[in-house]
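> Predicted model, plus sequence, below.
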Amino acid sequence: MTEGVLPEAGGSDAESAAGVHRPRRSDVTRAAILRAARERFAADGYDRATIRAIAADARIDPSMVIRYYGSKEELFATAAEFDLRLPDLSDVPPDRLGAALVSYFFTRWEEDSTLPALLRTASTNPSAAERVREIFATQLSAAVARMVADPAEAPRRAALVASQLLGVALTRYVLRLPPMVDISPADLITWLSPTIQRYLRAAPGPDRR
């Protein structure tokens, strides 16, 4: 299969004269690859999805995937559309916010391999690292701003929360350190919740009690 199976990008002279512009063939090819990659990664996960399968779904030669995206890692970094789908915790008592947030994250990570795969790729791929930063800077920061007493502190508190959540995800799902893999989600929630609670609600600085 070759790139030629995709729609031709050039328009007729009449269309050009009328101001009708069709996408260039390269843009059509990129879009087809990206669409196929998102569907394939969602269906098979990062590890089982292959360049060959993505190319077949897009009806192009595998070499074209490499031409436009460089590698499977770079393609995944571009294709990843991870929505944390953070719940509305406005009805949760303030002293239970840490436990509720940690519980939600571990439920998501145990059921969805997309974010661990993105973290794995981010360790060596700048595009994936930027995608992770975008996800947490936008989605998590907005959620934390609704939980903290002073919204002006939300970016810093969200960064501290992310440092813990991403650290646990990295050691459990990417590096797969045996002690972290062996701990049950319930125990992890018990261990981590007080720290997240402190980051969300405690006064900044050392505890002077």
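Everything's here; your move. None of the values given here were measured: they were computed from a predicted structure.

> drop to CA atoms for contacts and neighbour counts, all remaining ones
Noted.

> Nearest the geometric middle of the chain, what residue?
Phe82 (3.7 Å; Cα atoms, centre = their mean).

> so it is in which element?
Assigned by DSSP states H and E, Phe82 belongs to no helix or strand.

> mind showing which ranges of this structure have poor pLDDT?
1-23, 205-209 (pLDDT under 70).

> What about Glu103, how many residues nearby?
You called it Glu, but residue 103 is Ser. By other Cα atoms under 10 Å, the residues close to Ser103 number 18.

> nope, Ser123 is what I meant
12.

> With Val144 instead?
By other Cα under 10 Å, the residues close to Val144 number 24.

> What are the contacting residues of the helix or strand where it lies?
Using DSSP H and E, Val144 sits within helix 141-145. Helix 141-145 is contacted from outside by 86, 151-155, 157-159, 200, using Cα atoms under 8 Å, 6 or more residues apart in numbering.

> please redo it, this time with the cut-off set to 10 Å
Helix 141-145 is contacted by residues 86-90, 97, 101, 135-136, 147, 151-159, 161-162, 199-200 when judged by Cα atoms under 10 Å, 6 or more residues apart in numbering.

> still on that earlier bit, quick check, the residue nearest to the centre of the chain in contact with Arg131.
Yes. With contact defined as Cα atoms under 10 Å, Phe82 reaches Arg131; the gap is 9.0 Å.

> any common contacting residues for the two?
Here Phe82 and Arg131 have Leu118 as joint contacts, going by Cα under 10 Å, 6+ apart.

> how's this structure carved up into domains?
Following automatic domain parsing, one gets these domains for the chain: 3-79, 94-201.

> quick check, distance from the first one to the centre of its chain.
In this case it means domain 3-79. Distance of domain 3-79 from the chain centroid (Cα atoms, centre = their mean, to the nearest Å) equals 21 Å.

> Please report how far Asp44 lies from Leu188.
27 Å (Cα to Cα, to the nearest Å).

> the more surrounded of the two?
Neighbours around Asp44 and Leu188, counted as other Cα under 10 Å, are more numerous at Leu188. The numbers are 15 against 12.
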